[in-house]
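**Q** need a structure here:
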Amino acid sequence: MKGDANDPKALIFEAYQIADITKPECRTIFLDWALSLPVEQDTGQTLRVLIARYVDANPGHPMNDVMNEGLAGMATPRRRGGWRSRPRN
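**A** Take a look at the predicted model:
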């Protein structure tokens, strides 16, 4: 099955179809989904669309938590450091 622009491989759709799926399995599917998106695509906006599409219709599904955690993780960028952050003498 082929998905749409927000879920190109229909991975998120299929995750919601699997009975008794666990949260670790959802995380694996989520990672595969994220890696399948084109680089230029706004992942945050795409994730918001998928959350609107699936979360209310599937209460208690572990993928709901995974997608919300993914969105929250994107909202709080972390400092990465590197040579530019080191003080110059």
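**Q** drop to CA atoms for contacts and neighbour counts, all remaining ones
**A** OK.
**Q** so what's the spatially closest residue to residue 29 that is not a sequence neighbour up against?
**A** Of all residues not flanking residue 29 in the chain, residue 11 sits nearest, at 6.6 Å (Cα to Cα, 6 or more residues apart in numbering). Contacts for residue 11 (Cα atoms under 8 Å, 6 or more residues apart in numbering) come out as 3, 29, 30, 32, 33.
**Q** for ChimeraX, what selects the buried ones among the residues you listed?
**A** To isolate the buried subset of these in ChimeraX, counting by 16 or more other Cα atoms under 10 Å, use the following:
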select :29,30,33
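**Q** redo the contacts of residue 11 as a markdown table? Include secondary structure and pLDDT.
**A** Formatted as a markdown table, these follow (DSSP: H, G, I helix; E, B strand; the rest coil; pLDDT from 0 to 100):
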| residue | secondary structure | pLDDT |
| --- | --- | --- |
| 3 | coil | 83 |
| 29 | helix | 97 |
| 30 | helix | 96 |
| 32 | helix | 96 |
| 33 | helix | 95 |
